[in-house]
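Visitor: Provided below for reference: sequence and predicted model.
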Amino acid sequence: QVQLVQSGAEVKEPGASVIVSCKASGYTFTGYYMHWVRQAPGQGLEWMGQINGGSGFTVWAQKFQGRVTMTRDTSISTAYMELSRLTSDDTAVYYCAKDTNTWSIDYWGQGTLVTVSS
Amino acid sequence: QSALTQPASVSGSPGQSITISCTGTSSDVGGYNHVCWYQQHPDKAPKLMIYDVRNRPLGVSNRFSGSKSGNTASLTISGLQAEDEADYYCSSFRSGNTWVFGGGTKLTVL
């Protein structure tokens, strides 16, 4: 069965960077896009970007231009999302989520809480 | 890049039907038939309920249906049940190969 297992919670100071990992299993990692979606406390879902598991091609929301880096390691079926220059507004649960190849998401990771605080 | 517009909350009694709207622009909802709806219970990951405007994934109840007219998509839930109480989010493919979510709608089953 498909599983997306994310790295654990992080606490970062303002200005720092954070890397969240997402290990996939149960499907062909290189055959699908992986999305990154975040949700601030009590707020809605926010699409951050996506990476092609095979080619590594990435697209991200304009809001995160210059601050987000998405990579993947196909040898271990793992996707990574790095967000830099953190502020308190970046405090959120970050999800990785598998695309269906039909413009939808069918599986989600368990979420990684990133707290930005001095 | 603004989010799609959804009502903050809707409510209905068990057995009734409710509809949640999702309004975008011609660059997203109106321009593509790639609108999805997700259900999210508290402290849980979202679950796909509708994709490509009106299609249900296997295992999703046929009480859930989707439609679209112009720049507005809609999710209808018929025969409301207590378990339907959750937050609902629409999403759409957007020009530039990006995606966008709606602000979310809290459904209360009275």
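Guide: Looks like it arrived, so ask away.

Visitor: Would you list the phi and psi of the residue sitting nearest the centre point of chain A?
Guide: When CA atoms, centre = their mean is applied to chain A, the residue found nearest the centroid is residue A:36 (3.4 Å). Torsion angles at residue A:36 (phi, psi; degrees, to the nearest 10) stand at phi -120, psi 130.

Visitor: does it have beta-bridge partners, and which?
Guide: Counting by DSSP bridges, residue A:36 is bridged to residue A:49, residue A:96.

Visitor: Surely it touches residue A:49?
Guide: Yes. Assessed by CB atoms under 8 Å, residue A:36 is found in contact with residue A:49 at 5.6 Å. Quick note: C-beta positions are derived from backbone N, CA and C, even for glycine.

Visitor: Just the C-alpha atoms of stretch B:52-61, please, in CSV.
Guide: Included here for stretch B:52-61 are C-alpha records, laid out as CSV according to Å, rounded to 0.1, in the frame of the first residue of the first chain:
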residue,chain,number,x,y,z
ASP,B,52,-11.8,16.5,-12.5
VAL,B,53,-14.9,18.5,-11.5
ARG,B,54,-17.3,15.6,-11.1
ASN,B,55,-15.5,12.2,-10.8
ARG,B,56,-15.5,10.2,-7.6
PRO,B,57,-12.5,8.1,-6.6
LEU,B,58,-13.3,4.5,-5.7
GLY,B,59,-14.7,4.2,-2.2
VAL,B,60,-16.2,7.7,-2.0
SER,B,61,-20.0,7.7,-1.4
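
Visitor: Give me the contact list for it.
Guide: Here stretch B:52-61 makes contact (CB atoms under 8 Å, 6 or more residues apart in numbering or on different chains) with A:102-104, A:106, B:33-36, B:48-51, B:62, B:64-68, B:73.

Visitor: got the residues of chain A near chain B?
Guide: A:35, A:37, A:44-47, A:49-50, A:59-63, A:95, A:100, A:102-106, A:108-111 (CB under 8 Å from any CB of the partner chain).
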